[in-house]
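Asks: quick one: sequence and predicted model below, then my questions.
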Amino acid sequence: MGDEVEAIEYTREHRREYRAKVRTCLDVFERMLAQSSFDFEKPLTGMEIEFNLVDSDWQPAMSNAAVLEQIADPAFQTEIGAYNIEFNVAPRPLPGTSALELEAHLRASLNAAETKANSQGAHIVMIGILPTVMPEHFEGSWMSPSTRYEALNDSIFSSRGEDLIIDISGPEPLTAQSPTIAPESACTSMQLHLQVAPHEFAANWNAAQLLLGPQLAMGANSPYFFGHQLWAETRVELFTQATDTRPEELKNQGVRPRVFFGERWITSIFDLFEENVRYFPSLLPEITEEDPLAELEAGRAPRLKELRLHNGTIYRWNRPIYDIVDGTPHLRVENRVLPAGPTVVDIMANSAFYYGALRVLSEEDRPVWTKMTFATAHENFIECARFGMEGRIYWPGMGEVTPDELVLRKLLPMAHEGLERWGVAAEVRDRYLGIIEARAKTGRNGAVWQTATVRAMEAKSLSRPKALQQMLRIYCEGMHANEPVHTWDIPT
């Protein structure tokens, strides 16, 4: 959820000063885009994966502090829920066989972490929403100790002025109420980072927006929340509602949500940061001593901490990132739409599909986004979040199609070509994109497997809680075997 902060409460003066400082940072950032040298000669990719901790009964284990103490690796960090942890993967280039090395590194790291978690009576689960999480799990000490998390919770409810209402449609509609942002902790995802040049950012972001729907259709893995079967990727709607600062009246006025798809194709990264400043009030108005203009004029890259902190409280599915490494600034697209899991090889396949298709879509002479309205891209996104493989989406030149048809006929060949342009080895392309192809042909992603397995368990007269518990047990066996989810059997 971002960097730590110092305060839980903020004065009105704090907020005024912070708004002015953010606007100064925005002005300096605009100058930098026109004048400064950004690092992009050897673009790197990065990955973050969020996990759940469960006990021996497959219920949430509120023990991340003890587990992280045992893991003792700075790559593993807390997340907002005391049953969540996050793994930050060091940036690396795409070419050659680096993806195979990354897969081996992920498996070794997670196996080692699992052993350490076991010593605390916990297991690590990589899934979009933990299916056994229930309202009673959020009644006690569910939040990780953190000033940032407390401040974020307080600020959201100060803005709302009332409890959260979770109201999600689906086969088994859910309405629930929460006095905290605890439901947000149920949303565990993976984030994919790509470093890009300033002049290429807009094309990459627009292309990434086009891919959000197909990514969800192929990778959905969050069909259950509070025991209800909801969307194929329930995480999308749950995250939107669980971080919503707007009471009903502001929603009716058209005020934008903090979880923001966007509203237009862009021409520069500046468009996104400018929208952030123009549309969204601060949630964490922490002010630093840095004078960003003085830093720039002294020939140094300003940290722009206020602008970055504000950006971190606006949850775009493709977030713009400004960062500095060794004194040199760079820009990244952070793709945040995919759920965690089901296996390491599945998330590697999802990554390869994204990076490959993104490369071709962003470099086309007449880009797809010039032939599709932004509203249609958003409709595709919602359709795939709700219905996954069974959705119907629009694509220029094809009309209305199913996601599997779009992937097999159009996007998968693009992904192969894109990875080839990146210099990715043929064996890597074949391994990971072969999984996407098989997933499309079988129609089985994580969400499909979960719901089919729960139905099979209930056919044996198990109650819903017991069926979810048994499904999660079998899921974890598949997760550790690292066989793609489309190959998993449905219990009979």
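Replies: Now that the structure is in, tell me what you want to look at. Owing to the predicted nature of the structure, the values given are computational and were not obtained by experimental measurement. Numbers count the residues shown, from 1 in each chain.
Asks: how about stretch 282-300: buried residues?
Replies: 282, 283, 284, 285, 286, 287, 292, 296 (16 or more other CB atoms under 10 Å). Backbone N, C-alpha and C define where each C-beta goes, glycine included.
Asks: which phi and psi does the first one have?
Replies: Geometry field for residue 282 lists phi and psi as phi -70, psi 150, criterion degrees, to the nearest 10.
Asks: ditto for the third one
Replies: Recorded main-chain torsions at residue 284 are phi -130, psi 80, according to degrees, to the nearest 10.
Asks: state the distance from residue 165 to residue 174.
Replies: 11 Å (CB to CB, to the nearest Å).
Asks: I meant residue 245, not that one.
Replies: 21 Å.
Asks: so which of the buried residues of stretch 282-300 sit within helices?
Replies: 292, 296 (DSSP state H).
Asks: wait, which of the buried residues of stretch 282-300 is closest to residue 28?
Replies: The shortest approach to residue 28 among the buried residues of stretch 282-300 belongs to residue 292, at 4.3 Å (CB to CB).
Asks: surely the closest one meets residue 23?
Replies: No: using CB atoms under 8 Å, residue 292 is not in contact with residue 23; the gap is 10.9 Å.
Asks: remind me, longest helix of the chain?
Replies: helix 12-35.
Asks: one step back: now for the buried residues of stretch 282-300, which pair is the farthest apart?
Replies: Between all members of the buried residues of stretch 282-300, the farthest pair (by CB to CB) comes out as 283 and 296, at 26.4 Å.
Asks: quick one: the spatially most central residue of the chain from residue 209, how far?
Replies: In the chain, the centroid-proximal residue (CA atoms, centre = their mean) is residue 336; its distance is 2.7 Å. Distance of residue 336 to residue 209, computed by CB to CB: 12 Å.
Asks: look at residue 188 and say how many residues are nearby.
Replies: When neighbours are defined as other CB atoms under 10 Å, residue 188 has 27 of them.
Asks: sorry, that was for residue 248
Replies: 9.
Asks: what helix or strand does the nearest residue to residue 490 once chain neighbours are set aside sit in?
Replies: Spatial nearest neighbour of residue 490, excluding adjacent residues (CB to CB, 6 or more residues apart in numbering): residue 452 at 4.8 Å. Using DSSP states H and E, the element containing residue 452 is helix 446-459.
Asks: buried ones in that helix?
Replies: 446, 447, 448, 449, 450, 451, 453, 454, 456, 457.
Asks: ok so, going back, and the helix or strand following the longest helix of the chain, what other elements does it pack with?
Replies: Once helix 12-35 ends, the next helix or strand along the chain (criterion: DSSP H and E) is strand 45-54. Using 3 or more CB pairs under 8 Å, 6 or more residues apart in numbering; DSSP states H and E, the elements in contact with strand 45-54 are strand 84-92, helix 98-118, strand 123-125, strand 190-196, helix 344-363.
Asks: neighbours of the residue nearest to residue 162 when sequence neighbours are not counted, just the number please.
Replies: With sequence-adjacent residues excluded and distances taken as CB to CB, 6+ apart, residue 162 is closest to residue 247, at 5.9 Å. Residues lying near residue 247 (other CB under 10 Å) number 14.
Asks: and residue 247, what does it touch?
Replies: 160, 161, 162 (CB atoms under 8 Å, 6 or more residues apart in numbering).
Asks: overlap of the contact sets of residue 336 and residue 209?
Replies: Contacts common to residue 336 and residue 209, judged by CB under 8 Å, 6+ apart, are 317, 318.
Asks: leaving out the residues flanking it, which one is nearest to residue 94?
Replies: Using CB to CB, 6+ apart, the nearest residue to residue 94 is residue 422, at 4.5 Å.
Asks: any idea how far residue 144 is from the closest residue to residue 119 other than its chain neighbours?
Replies: Computed as CB to CB, 6+ apart, the closest residue to residue 119 that is not its neighbour in sequence is residue 70, at 5.7 Å. To residue 144, residue 70 is 16 Å away according to CB to CB.
Asks: out of the two, which sits in the busier spot?
Replies: Each of residue 70 and residue 144 has its neighbours counted (other CB under 10 Å); residue 144 has more, 23 against 18.
Asks: the more buried one: what's its closest spatial neighbour, skipping adjacent residues?
Replies: Closest to residue 144 by CB to CB, 6+ apart is residue 78, at 4.5 Å.
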